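Participant: Predicted model and sequence follow; I will ask about them next.
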Amino acid sequence: DQQVKQNSPSLSVQEGRISILNCDYTNSMFDYFLWYKKYPAEGPTFLISISSIKDKNEDGRFTVFLNKSAKHLSLHIVPSQPGDSAVYFCAASGWGGATNKLIFGTGTLLAVQP
Amino acid sequence: KAGVTQTPRYLIKTRGQQVTLSCSPISGHRSVSWYQQTPGQGLQFLFEYFSETQRNKGNFPGRFSGRQFSNSRSEMNVSTLELGDSALYLCASSLGGRGYEQYFGPGTRLTVT
């Protein structure tokens, strides 16, 4: 049962344009969401997070939007740069207890074309 | 501030052997979690330790175990290795409470032959 889903395995955008990566979840207990960027054979790099009490969080070129009613979040990267090319994972936590367990989506490979 | 470190970075073992992987969290972080990444299953949670106590455990067989020391460093052990245990093992640390970001190390690439 995939509780966190990234339905687009890959995305290609032109440099300077907006990249929009999407993520859906099924567990209404989730209350904290994170986005990570990952290069092959390296650990994920934390990008941005959002708590369920918010619907938007910005950090530089990265903005995460959360739609709780639709159980959907998205990551916007503006403007996209070739160095942003990587696999992006969304992750969720919130189990009603004291744990940092994360459930990850399957990832979206972003390719930013120069 | 130094990031999360994991040793060794690469490891080749034979079926039936056991292996121990080590993780040093970011200074001041008390929570350490372990994840397994494989092409077929993606990133999956193994277990989390906080203040030397296992706080949560994923759906992995008992061959996978871990521990945390008083300085927050953590080790995970896999006994009786199987070919399917070949994966990238990632360690992540955070301050400990909920709602804090987790920072990952570079991982240990384990190959079982």
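Facilitator: All right, it came through fine.
Participant: Count the residues that sit near the residue in chain B positioned nearest to chain A.
Facilitator: Nearest residue of chain B to chain A (CB to the nearest CB) works out as residue B:104 at 3.5 Å. Placement of C-beta: from N, CA and C, glycine included. Neighbour count for residue B:104, taken as other CB atoms under 10 Å in any protein chain shown: 22.
Participant: do the same with residue B:95
Facilitator: Number of residues near residue B:95 (other CB under 10 Å) recorded here: 16.
Participant: which residues touch the closest residue to the residue of chain B closest to chain A other than its chain neighbours?
Facilitator: In this structure, residue B:104 finds its nearest non-sequential neighbour in residue A:43, 3.5 Å apart by CB to CB, 6 or more residues apart in numbering or on different chains. The contact partners of residue A:43, taken as CB atoms under 8 Å, 6 or more residues apart in numbering or on different chains, are B:4, B:6, B:90, B:92, B:104, B:105, B:106, B:107.
Participant: Let's see the pLDDT reported for the residue nearest to residue A:27 when sequence neighbours are not counted.
Facilitator: Nearest residue to residue A:27, sequence neighbours excluded (CB to CB, 6+ apart): residue A:3, at 4.9 Å. On pLDDT, residue A:3 comes in at 91.
Participant: so residue A:3 touches residue A:29, yeah?
Facilitator: No - assessed by CB atoms under 8 Å, residue A:3 is found out of contact with residue A:29, at 9.5 Å.
Participant: ok so, going back, ok, now how distant is the residue nearest to residue A:27 from chain B?
Facilitator: Using CB to the nearest CB, to the nearest Å, we find residue A:3 at a distance of 11 Å from chain B.
Participant: before we move on, what about residue A:56?
Facilitator: Distance of residue A:56 to chain B, given as CB to the nearest CB: 17 Å.
Participant: Name whatever forms a beta bridge with that residue.
Facilitator: Beta-bridge pairing of residue A:56 under DSSP bridges involves residue A:65.
Participant: in chain B, which segments are predicted with low confidence?
Facilitator: Scanning chain B with the threshold set as pLDDT under 70 gives B:1, B:97-99.
Participant: how about the residues of it near chain A?
Facilitator: When proximity is defined by CB under 8 Å from any CB of the partner chain, chain B lies next to chain A at B:4, B:6, B:31, B:33, B:35, B:42-45, B:48, B:50, B:55-56, B:58, B:88, B:90, B:92, B:94, B:96-107, B:109.
Participant: Can you select the buried ones from those residues in PyMOL?
Facilitator: Applying 16 or more other CB atoms under 10 Å in any protein chain shown to those, the buried members can be selected in PyMOL as follows:
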select buried, chain B and resi 4+6+31+33+35+42+43+44+45+48+50+55+56+58+88+90+92+94+96+98+100+101+102+103+104+105+106+107+109
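Participant: Tell me the one among the contacts of residue A:43 nearest to residue A:84.
Facilitator: residue B:104 (18.2 Å; CB to CB).
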